[in-house]
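**Student:** Quick check, what structure comes out for this input:
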Amino acid sequence: MTEGKPPVAQAPWLWFVEPSSRDRALDLSGSGGGLADELAGHFSEVEVEAPGRVQRDGLPESTFDCIVVHDTLSHPDRPGAEVVEILGGLRRALRPGGVVALASVNPHFIPSWFRNRDGVSPRTCARRLTRAGFGAVCRFYLDGSLEQPGAVVPDTGPPAVAYEGSPNLRKG
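**Tutor:** The predicted structure is shown next:
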């Protein structure tokens, strides 16, 4: 933590998930430890691994209550079949009742002049998760950034419409 500055929240979604246990979490985000520090406030044990090592070596089955992947699976050059294979490995590494939390930039909200940036659409993400064997997929939008969200809005009709019409919506 930087002296005099409050810690940056990197996992605002933690308040929306209910893993069956809070024993072990895995941070595959490559965030440099900030996310792992936040996860440590919610889980007894937190491991940090490089996504490439996990892809190469795999993960032990039924080991984690929560696995976090921020942006590391959303590179535009990564084939969809490869992402589905990785997600399947993550699913197998979860204990029953565990959760995988993915975060990605939504490319539909990136200006056309900046389209070379990584990102995966919500529809593509949900399709890949389903192909990897996940059941329930819950999506949220952040107003602001992952590190400094102004709001976390469920991706369902009524909450999204209500938020878009609210005076709290950040303009510009």
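**Student:** Just the strands from this structure, written as ranges.
**Tutor:** Along the chain, the segments classed as strands by DSSP state E run 24-27, 45-48, 64-70, 94-103, 140-144, 149-154.
**Student:** Can you name every helix or strand that the fifth one contacts?
**Tutor:** Contacts defined by 3 or more CB pairs under 8 Å, 6 or more residues apart in numbering; DSSP states H and E place strand 140-144 against strand 149-154. Yep, even glycine has a C-beta here, placed from its N, CA and C like the rest.
**Student:** Sheet-wise, list the partners of the strand it packs on with their directions.
**Tutor:** In the sheet, strand 149-154 lines up against strand 140-144 (antiparallel) (DSSP bridges).
**Student:** The strand it pairs with to strand 94-103, inter-axis angle?
**Tutor:** If you take axes from the mean of the first three to the mean of the last three CA atoms, to 10 degrees, strand 140-144 sits at 40 degrees to strand 94-103.
**Student:** Can you check which helix is longest in this structure?
**Tutor:** helix 80-93 (DSSP state H).
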